[in-house]
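**Student:** Just to be clear, the model below is a prediction. Sequence and coordinates:
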Amino acid sequence: MLSAIRSAIATPDLRRKILFVLMIVAAYRLGAIIPAPGVSYTAVQAAREEQGDDVLFSLMDLFSGGALTQLSIFATGIMPYITASIIVQLLTVVIPHFEQLKKEGQSGQAKLTQYTRYLALALACLQATGLVALASSGQLFGGVEDPVIPDDSVATTAMMVLAMTAGTATMMWFGELITERGIGNGMSLLIFLNIASQIPIEGGNILQSRGEAVFVVVCVLALAVITSVIFVEQGQRRIPVQYAKRMVGRRMYGGTSTYLPIKVNQAGVIPVIFASSLLYLPDLLQRLAAEQTDVTWLQTFIQDHVVDQSSPVHIAGYFALIMFFTYFYISITFNVDDRAEEMKKFGGFVPGIRPGRPTAEYLRFVLGRITLPGSIYLGTVAILPNFFLAVTDPGQNINFPFGGTAVLIMVGVGLDTVKQIESQLMQRNYEGFLR
């Protein structure tokens, strides 16, 4: 592997791509620490030291690399683009126009990407407005003497929202630049970078609050989790597909054997993001309606059972939501009828299965069987940090840096980037990472 890395650096084309990615990464991390206009930097840093971790904003802060709780120009993070991408992807099943664009190839995909950008900017503006409102009212930083936004006038608020929305547009531009001129998927690499930047901070928090013994156990458990996730992420069910011979003009095509890969984790990390967002929604509604309601028992129930990550109700609900969204997302994104029709159109068939509807029923049967262990795997990995907190010290909300969304994204992006470097090395007759 070291020789392959040496070969990648020695190749001028790959070296330029790697240096370009590093340059974009440096600019991105610089923007994550630049405060938005109108924010008191000293007050924000003092508030971060006093209040500790907040469960509500832990996921959003994870995707922004700590920029959210610093109220920087990149405070909204990449979450608006992720949400917009998921919404547009789901709308391709509902809206016929979007479905037609998806089938048009590169031109249709470019149009869908344009719609995704517009929707991401709208969501970023909405998220920035809510973030500034929570910071001004003290909901984001509680118990701080100096206000984090000294001037809460309309002009200052509008300037902050505009700066954060422009920061989201800049992050999307950075991601597209990495995809076009660098290595790997730009948006995924930015998320990977944000998560990796938070690992030393979370590790230091665990070391200070839990002691050296728990820290060593966490490191060993993290290594085991990452190894297991890599093993499962690489697992797939390969359905053999045979293509019949056919004459096109004077040439004969087909007669080859291939396979249709169905991954164990076909849904990726999307079900975890959906489930996390739904679990944070009750706490957000409670905070926004705290001054207008006197229902203390409901607030107590939400705080003790829904928000508390070590609560059995939270863990069970989290696991059930992940399983539900796994089946829901796969049923939308993996259309077995379309796959069977495409195979029949090009003369392909599964050995022993008739083309057309019998093939679709067979694919649906296989997909249903492999989705069950995939959903259990996703739920198990996601609740590992919650279960760890419940066993070691219930009621604490310290994040486990190698569980749930973080490890799934890091492993997925890491494997994809390594495969892309490997393919480019193989094109230049190098041995690459695999021998």
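**Tutor:** Alright, I've got the coordinates. Residues are numbered from 1 along each chain as shown.
**Student:** now the helices: where do they sit in the stretch 151-300 of the chain?
**Tutor:** 154-181, 186-210, 212-234, 270-288, 296-301 (DSSP state H, counting those that start in this stretch).
**Student:** Out of the ones you listed, flag the one nearest Ile262.
**Tutor:** Taking CB to CB, helix 212-234 is the member of these nearest to Ile262, at 13.2 Å. C-beta coordinates here come from the backbone N, C-alpha and C atoms, glycine included.
**Student:** Could you list every helix and strand in contact with that closest one?
**Tutor:** Applying 3 or more CB pairs under 8 Å, 6 or more residues apart in numbering; DSSP states H and E, we find helix 212-234 packed against helix 186-210, helix 357-392, helix 405-427.
**Student:** Spell out which residues make up each domain of the chain.
**Tutor:** 1-182, 211-408 (automatic domain parsing).
**Student:** Save these as TSV, and put in distance to Leu193, mean pLDDT and mean neighbour count too.
**Tutor:** Output for the domains of the chain, formatted as TSV (distance: least, CB to CB, whole Å; pLDDT from 0 to 100; neighbours: other CB atoms under 10 Å):
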stretch	distance to Leu193	mean pLDDT	mean neighbour count
domain 1-182	6	80	17
domain 211-408	12	76	16
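**Student:** Among the ones you listed, which comes closest to Val418?
**Tutor:** Val418 sits nearest to domain 1-182 of all the domains of the chain, at 9.1 Å, using CB to CB.
**Student:** export the helices and strands packed on helix 212-234 to TSV and tack on distance to Ala316?
**Tutor:** As requested, the helices and strands packed on helix 212-234 are exported to TSV (distance: least, CB to CB, whole Å):
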stretch	distance to Ala316
helix 186-210	25
helix 357-392	9
helix 405-427	18
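**Student:** how about these, which one is nearest Gly108?
**Tutor:** With CB to CB as the measure, helix 186-210 is the member of the helices and strands packed on helix 212-234 nearest Gly108 (19.8 Å).
**Student:** Can you name the residues that contact Ala275?
**Tutor:** By CB atoms under 8 Å, 6 or more residues apart in numbering, Ala275 lies in contact with Tyr318, Leu321, Ile322, Phe325, Ala382.
**Student:** run the last query once more with 10 Å
**Tutor:** Contact partners of Ala275, counting by CB atoms under 10 Å, 6 or more residues apart in numbering, are 317-326, 378-379, 382, 404-405.
**Student:** now swap in His97 and tell me
**Tutor:** Leu91, Gly108, Lys111.
**Student:** Secondary structure of it: a helix, I assume?
**Tutor:** Yes - counting by DSSP: H, G, I helix; E, B strand; the rest coil, His97 is found in a helix.
**Student:** so how far is Tyr81 from it?
**Tutor:** From His97 over to Tyr81 the distance is 22 Å, taken as CB to CB, to the nearest Å.
**Student:** ok, and the closest non-adjacent residue to Met41?
**Tutor:** For the record, residue 41 is Tyr, not Met. Nearest residue to Tyr41, sequence neighbours excluded (CB to CB, 6 or more residues apart in numbering): Pro35, at 4.9 Å.
**Student:** Can you name the residues bridging to the one you found?
**Tutor:** Pro35 has these beta-bridge partners by DSSP bridges: Ser72.
**Student:** circling back to that earlier point, could you point out which of the helices of the stretch 151-300 of the chain sits nearest Arg339?
**Tutor:** Closest to Arg339 of these is helix 270-288 (CB to CB; 19.5 Å).
**Student:** returning to that earlier point: distance to Val241 added to the helices of the stretch 151-300 of the chain, as JSON lines?
**Tutor:** Output for these, formatted as JSON lines (distance: least, CB to CB, whole Å):
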{"stretch": "helix 154-181", "distance to Val241": "30"}
{"stretch": "helix 186-210", "distance to Val241": "29"}
{"stretch": "helix 212-234", "distance to Val241": "21"}
{"stretch": "helix 270-288", "distance to Val241": "26"}
{"stretch": "helix 296-301", "distance to Val241": "52"}
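**Student:** among those, which is nearest Glu342?
**Tutor:** For Glu342, the closest of the helices of the stretch 151-300 of the chain is helix 270-288, at 23.4 Å, according to CB to CB.
**Student:** returning to what we had before: any chance of the contacts of His97 in TSV, plus distance to Glu176 and secondary structure?
**Tutor:** Formatted as TSV, these follow (distance: CB to CB, whole Å; DSSP: H, G, I helix; E, B strand; the rest coil):
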residue	distance to Glu176	secondary structure
Leu91	21	helix
Gly108	18	helix
Lys111	15	helix
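**Student:** closest to Ala133 among the residues you listed?
**Tutor:** Using CB to CB, Leu91 comes nearest to Ala133 of these, at 28.3 Å.
**Student:** can you put the domains of the chain in CSV and add distance to Ser423?
**Tutor:** Shown next, in CSV, are these (distance: least, CB to CB, whole Å):
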stretch, distance to Ser423
domain 1-182, 11
domain 211-408, 16
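**Student:** Relative to Leu415, which of those domains is closest?
**Tutor:** Judged by CB to CB, the one of those that comes nearest to Leu415 is domain 211-408, at 6.4 Å.
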